[in-house]
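# Sharing a sequence plus its predicted fold:
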Protein chains: 4
Amino acid sequence: MSTITAAVAGASGYVGGEVLRTLLAHPEVTIGAVTASSNAGARLGELQPHLLPLADRVLDPTDAEHLAGHDVVFLGLPHGASAEVAATLGDDVLVIDCGADFRLDSSDDWAEFYGGDGAHDWAGTWPYGLPELPGQREALAGAKRVAVPGCFPTISTLTAMPAVLADLVHPDLTIVAPTGTSGAGKKLAPGFLASEVMGQASAYGVGGVHRHTPEIEQNLRKAGAADPVVSFTPILAPMARGILATVSAPLKDGVTADDVRAAYEKAYADEPFVHVLPDGTWPQTKSVLGANLALVQATVDPRANKLVAIGAMDNLAKGTAGGAVQSMNLALGLPETTGLSTVGTAP
Amino acid sequence: MSTITAAVAGASGYVGGEVLRTLLAHPEVTIGAVTASSNAGARLGELQPHLLPLADRVLDPTDAEHLAGHDVVFLGLPHGASAEVAATLGDDVLVIDCGADFRLDSSDDWAEFYGGDGAHDWAGTWPYGLPELPGQREALAGAKRVAVPGCFPTISTLTAMPAVLADLVHPDLTIVAPTGTSGAGKKLAPGFLASEVMGQASAYGVGGVHRHTPEIEQNLRKAGAADPVVSFTPILAPMARGILATVSAPLKDGVTADDVRAAYEKAYADEPFVHVLPDGTWPQTKSVLGANLALVQATVDPRANKLVAIGAMDNLAKGTAGGAVQSMNLALGLPETTGLSTVGTAP
Amino acid sequence: MSTITAAVAGASGYVGGEVLRTLLAHPEVTIGAVTASSNAGARLGELQPHLLPLADRVLDPTDAEHLAGHDVVFLGLPHGASAEVAATLGDDVLVIDCGADFRLDSSDDWAEFYGGDGAHDWAGTWPYGLPELPGQREALAGAKRVAVPGCFPTISTLTAMPAVLADLVHPDLTIVAPTGTSGAGKKLAPGFLASEVMGQASAYGVGGVHRHTPEIEQNLRKAGAADPVVSFTPILAPMARGILATVSAPLKDGVTADDVRAAYEKAYADEPFVHVLPDGTWPQTKSVLGANLALVQATVDPRANKLVAIGAMDNLAKGTAGGAVQSMNLALGLPETTGLSTVGTAP
Amino acid sequence: MSTITAAVAGASGYVGGEVLRTLLAHPEVTIGAVTASSNAGARLGELQPHLLPLADRVLDPTDAEHLAGHDVVFLGLPHGASAEVAATLGDDVLVIDCGADFRLDSSDDWAEFYGGDGAHDWAGTWPYGLPELPGQREALAGAKRVAVPGCFPTISTLTAMPAVLADLVHPDLTIVAPTGTSGAGKKLAPGFLASEVMGQASAYGVGGVHRHTPEIEQNLRKAGAADPVVSFTPILAPMARGILATVSAPLKDGVTADDVRAAYEKAYADEPFVHVLPDGTWPQTKSVLGANLALVQATVDPRANKLVAIGAMDNLAKGTAGGAVQSMNLALGLPETTGLSTVGTAP
């Protein structure tokens, strides 16, 4: 029986669409208002034709009036817009922000990487919607505000974390991560045109300037790394969904492949949404397409004395909307796995 | 006027096809025998329908009889097969091997990474067909045997080399390189089916076991690195052609972005087939699709104190057949750029 | 509560994998044996890594012993193999054949298009698993044998049928249908390699020789066409899933766009898994990716006096496994929509 | 020796880029001005990074001043803009318009399909740049104005024409043609985003409304069809380049497959840029990627008594820029094949 009502702001974008797709499969949720800014007034069927059960819904404007009266409000808004909208919603409403505004603990990091846009009271940073990170599951229980992690931080953290927790590596990580294009949303820029992307790989945000860099470091600190350093390079790959994170780090003395395997298996033994693959099997992004699941594998490169760990995830699913609903479940006291699937759509 | 006759062994595969495509544009070459093993007897038009001018050629068997009588013989054969074929060709014939058999200087590396298949007299290692590497242009001049580099070593070396030559980094490199599927040839394995590859990124050969690892290290030694260490992770991306090499390495003390830029511009100032992009512009693989060209760019990641350099190349073109013809030009005393294009086919 | 046990034969292929993916979401089904031929003995996780909940299942051989004792057995076998396997299963077991053996009513058609392989007693043709076709829903109720339609016949029939039912066209249809590669299964042939398929469109089975041609005509006869003629051309497109059927037919005198619209809306007004899009909106294959849904739209081309109708479907979902489970529901007396989703995974 | 100077207006778009790519391989042409409108002032390397030899060129504004003084001016402009620009160029300058403004003979067709935009003196319709069409080679010889055909009309005409010329079919054609996205140029619309296009097929311009319909009919009339009727449906396919035209038409009485084969072979026996494949082999778009070549094949569908003919072409190459340069060669009295390649870039 559906007893929870949820509104989705930004329902015309990819994030909003995936939140709706995920909620449609959730047995406890009734979808209420769907809102947008420039697309307000349009039928959802025009903009999200894959959501047939909601095709005749009309997009309302994203404002306090239309978002009021729900148990949960998901925000899929541009950077800097979430604080204002959240302020109009009562403290008794669960607000789950899929944007960046409340992810960083450090106002300095915010100023450096986001240029200060969307500044807010940093004392009020929201619980971080990555339940697998130490302490977060507790922070999310009963929370009324949730900051959903960035997609790269989610998979980078999950891929690196067991080695950090077990103190197997020096926390000097090199992360290279091909990603699908949906991470850029429906942004109309030449570089995201199909003619440009198909058949092509290209790097962007090179040299430590990608906004997800400080968020990954922040997570590694929460996992116990003293002074983590991350060199992160995202790569745009010709696929709509999926991230493959490749994490390298110098091994501490004497660490063996068995140590690595044991650390990974231990870290995720009880996690429903992170799976360590059998030895010798490497993650593939289509295995998790549409699923709330991260697949990870790790080994040592003995020639280079490095850890090499690989993680695969759907940036929109576990990377955004699935993780958001997982956090919602925790915040509302539902079983964490309610309504979430670990089955990918392949081939 | 075409005065050089060239035979291509392995003409039914992707490497052989690209050698033929390249030679068709070469003003000094007449294409002689085209040979294959299991496909002998077939019309080339059936197997390489994009090579219309050669469509009615019939594939001969790959044997001494059919390869005899040419000025140049290109070999696109499975590992271990080249030595025997080369032995049947006279010392006056230029033999250009696109396979791995004669790439490594170290028989130990060969034994470790190739399992000893195709062992040969290591004293007789062939000149290495990467003219941009110090000393190779001289070694290739007048040569009668050429070992064409692996595609990953070519772009990894070209991307890292200026920093090594200028002593800007500790030679402890992490290389992650998405590649198109044509690098695997026409191998019929489930993992290369279109249904599996499209929409997916996946890593393979993880943990330092890829055969191109020792070849990259060998090249870096030739570029002056004392004890280079490479941790190399290839990623299969959903595109037919192209490699994007991402190279990270710890910077030596005090090295700045300007130092890096100067080193890259200096290294390739006179190279016709390697281009350093303007500051802030990053390489894209389609820019070099079908072209004998590598695009590189580099910067520093100040947060992590690392060099990050990116290189883009077509694995079949500059990565194999284009590089092979460039080496042929040098070996035969032709202008190095004869018949080779730096124009990519995009979008 | 799951009370129905289901076995899947051919569980290592794409059809078997999609049946399993669909059944995992079905609230009344418990998955029993998963079987294969050459892959027997393997972990399912190796071959279908997207089905995490079944990863540790081991594939049994496809034989009577392992398929016995289930309420339902799904067959995803090569042509000609189903009759023998079905014969070993009791008459009280529901057998759902995703192959071609029991689709055609005419042994002559079978002989002409399938070469007579897998001949069987044609008097025993099985109920046809396309519930939307007149008479089939009744035939499927309580059935113990079901022949799942081919994917092209399903979408071609659904796209053309309303015009035929309403007698709007001369039944002389031209159907051109781009399809994804998964329709070919995991067949290891050069033409299905990613390097060949990506970036390319190509036609095959041209000239009325594709095996699905007589099946489409058979369906149109069941929809009331006296002597339907179909000229069918499939096109291999660079995508893993999806069919877009383009159906053209000469309009009968005086038929208007409004007549067409009315006929389509009427035909599918009560169908849960076929949706007529709003006027002016055309179907897209990703809208139905992974969903048990066909999207259709039709109009007239006044210049040519033709109907043009377009249908989009996922060949593995509504085109095979979804349709199979829909038929299972009907055969077992469950609500037809049980466990089936109309939500696609996009973008 | 390069003696012809050519300017390219609209050099920042896909059409302009492909004209430049083609001209770079032309031995008689020197590239002069490259112009753009909103991109004027930019380095060409930023916008067309695949054209390395021109990377440092700066885009001039598209105006009379900058286009003056060349032997040839190629126009890659929006609809309706060509007439005005051409008027500023002298009658002694060869102007080759890659846009639609001068393609149609009928002002009524123009008004119906283009809404009257860009109206001009219809008595002055330009020679049509499809040399393979009867009479056009003669019309192009010495011409000073050329209207380059649309890409769909080029391949549709070439695919259907032999059957029309030989009077084998009733000229009631159904044409369905998957196309790559580059035909849409760099238009920033959500439907052309990579996230939308990849993995998807979709139809557009359904119901006889596509602007290329009257142009195809016009061509068929020039090939001898009395009252040709075309029902044309384009399909957007997930590839950057290529069109696969599928042409169906009712056969006249008694026409056999041999008649069809003979007609196609005869029609193109002497054409350098149209190739009829051997019997049983069907065209693939990657075979002609980047090449000035159309591949065609035809057969009969005896069940439906229809011709089915398939043609493959690169929309930007033979479909636009290659055809434009082929026409330039004819207009200037150069050998028609000068500087044009029939070799595709595959895989």
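In hand now; what should we look at? Numbering: from 1, shown residues only, chains lettered A, B, ... in the order given.
# check whether the longest helix along chain A contacts chain C.
The helix spanning the most residues in chain A, taking DSSP state H as the definition, is helix A:151-165. No: Helix A:151-165 lies out of reach of chain C by CB under 8 Å from any CB of the partner chain, never closer than 14.4 Å. Where C-beta positions appear, they are placed from N, C-alpha and C, glycine not excepted.
# burial of the residue in the stretch 201-347 of chain A that chain D sits nearest to, as a residue count?
Per CB to the nearest CB, A:Ala240 is where the stretch 201-347 of chain A lies closest to chain D, at 4.7 Å. A:Ala240 is flanked by 29 other residues according to other CB atoms under 10 Å in any protein chain shown.
# OK, contacts around it?
Residues in contact with A:Ala240, defined by CB atoms under 8 Å, 6 or more residues apart in numbering or on different chains, are A:180-182, B:199, C:347, D:194-195, D:198-199.
# ok, now how distant is it from D:Leu236?
15 Å (CB to CB, to the nearest Å).
# returning to that earlier point: and the residue of the stretch 201-347 of chain A closest to chain D, how far from D:Gly76?
From A:Ala240 to D:Gly76 the distance is 30 Å (CB to CB).
# didn't A:Thr337 look like it was pressed against A:Pro272?
Yes: using CB atoms under 8 Å, A:Thr337 is in contact with A:Pro272, at 5.1 Å.
# Do you know the pLDDT at the closest residue to A:Leu188 other than its chain neighbours?
Spatial nearest neighbour of A:Leu188, chain neighbours left out: D:Leu188 (4.2 Å); criterion: CB to CB, 6 or more residues apart in numbering or on different chains. D:Leu188 is assigned 96 on the pLDDT scale.
# D:Leu188: helix or strand, and which one exactly?
Assigned by DSSP states H and E, D:Leu188 falls within no helix or strand.
# Let me see the contact set for it.
Here D:Leu188 is in contact with A:188-190, A:193 (CB under 8 Å, 6+ apart).
# thinking again about what came up before, quick check on the residue of the stretch 201-347 of chain A closest to chain D: phi, psi?
phi -80, psi -40 (degrees, to the nearest 10).
# For chain D, state which of the contacts of D:Leu188 is nearest.
A:Leu188 (4.2 Å).
# ok, so what distance separates the closest residue to chain C within the stretch 101-250 of chain A from A:Glu46?
Closest contact between the stretch 101-250 of chain A and chain C, by CB to the nearest CB, is at A:Ala240 (4.8 Å). A:Ala240 is 19 Å from A:Glu46, where distance means CB to CB.
# So which residues on chain A come close to chain D?
Counting by CB under 8 Å from any CB, chain A sits next to chain D at A:14, A:180-182, A:184, A:186, A:188-190, A:192-199, A:238-240.
# A:Gly333: how many residues sit nearby?
There are 9 residues near A:Gly333, going by other CB under 10 Å.
# For it, give me the pLDDT.
You'll see A:Gly333 listed with a pLDDT of 98.
# Return the residues in contact with it.
Contacts of A:Gly333 (CB under 8 Å, 6+ apart): A:141-142.
# May I have the phi/psi pair for it?
The phi/psi pair for A:Gly333 (degrees, to the nearest 10) is phi 80, psi 20.
# ditto for A:Ala87
According to degrees, to the nearest 10, A:Ala87 has phi -60, psi -20.
# Against A:Gly135, how distant is A:Cys151?
Separation of A:Cys151 from A:Gly135 (CB to CB): 21 Å.
# Looking at these two, which is more packed in?
Just comparing A:Cys151 and A:Gly135: by other CB under 10 Å the higher neighbour count belongs to A:Cys151, 29 against 12.
# Grab the nearest non-local neighbour of the more buried one.
In space, A:Cys151 is closest to A:Gly319, 3.4 Å off (CB to CB, 6+ apart).
# Looks to me like that neighbour is in a strand.
No: looking at A:Gly319 with DSSP: H, G, I helix; E, B strand; the rest coil, it is helix, so not inside a strand.
# so what's it scoring on pLDDT?
98.
# do A:His79 as well
So A:His79 comes in at 84 (pLDDT).
# Just give me the neighbour total for it.
A:His79: 13 neighbours (other CB under 10 Å).
# Now do the SS call for A:Met239.
Under three-state DSSP, A:Met239 comes out as coil.
# show me the residues around it that make contact.
Counting by CB under 8 Å, 6+ apart, A:Met239 makes contact with A:180-181, A:285, B:198-201, B:238, D:198.
# check these against chain C, which are close?
B:198-199, B:238, D:198.
# contacts with chain A among those residues, please.
B:198-199, B:238, D:198.
# most surrounded residue in those residues?
Busiest of those [other CB under 10 Å] is B:Pro238, holding 32 neighbours.
# Who has more neighbours out of A:Thr337 and A:Pro272?
When neighbours are counted by other CB under 10 Å, A:Thr337 and A:Pro272 differ, and A:Pro272 comes out ahead with 16 against 13.
# Does the more buried one belong to a helix, a strand or coil?
Strictly by three-state DSSP, A:Pro272 counts as coil.
# from what I can see it touches A:Pro335, true?
No: between A:Pro272 and A:Pro335 there is no contact, the gap being 9.6 Å when judged by CB under 8 Å.
# tell me the domain boundaries of chain A?
A:4-149+A:318-332, A:152-315 (automatic domain parsing).
# lowest-confidence stretch among the ones you listed?
Among the domains of chain A, domain A:4-149+A:318-332 scores lowest, at a mean of 94.
# distance between the ends of that domain?
Separation of the first and last residues of domain A:4-149+A:318-332 by CA to CA, to the nearest Å is 9 Å.
# for it, the distance to its chain's centre please.
12 Å (CA atoms, centre = their mean, to the nearest Å).
# how long is stretch A:302-320 end to end?
35 Å.
# Look at A:Val176 and tell me its secondary structure.
Assignment for A:Val176 (three-state DSSP): strand.
# circling back to that earlier point, from the ones next to chain C among the contacts of A:Met239, pick the one nearest D:Ala298.
Nearest to D:Ala298 out of the ones next to chain C among the contacts of A:Met239 is B:Met198 (CB to CB; 30.0 Å).
# thinking again about what came up before, in TSV, list the ones next to chain C among the contacts of A:Met239 along with secondary structure and distance to A:Asp60.
Listed next are the ones next to chain C among the contacts of A:Met239 as TSV, based on DSSP: H, G, I helix; E, B strand; the rest coil; distance: CB to CB, whole Å:
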residue	secondary structure	distance to A:Asp60
B:Met198	coil	37
B:Gly199	coil	33
B:Pro238	coil	38
D:Met198	coil	31
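# Out of those, flag the one nearest to B:Leu168.
Checking these against B:Leu168 by CB to CB gives B:Pro238 as the nearest, at 34.1 Å.
# Surely that closest one and A:Leu244 touch.
No: taking CB under 8 Å as the definition, B:Pro238 is not a contact partner of A:Leu244, at 11.4 Å.
# leaving aside the residues next to it on the chain, what's closest to the closest residue to chain C within the stretch 51-200 of chain A?
Closest approach between the stretch 51-200 of chain A and chain C, counting by CB to the nearest CB: A:Leu52, at 4.6 Å. Excluding the flanking residues, the one nearest A:Leu52 by CB to CB, 6+ apart is C:Thr342, at 4.6 Å.
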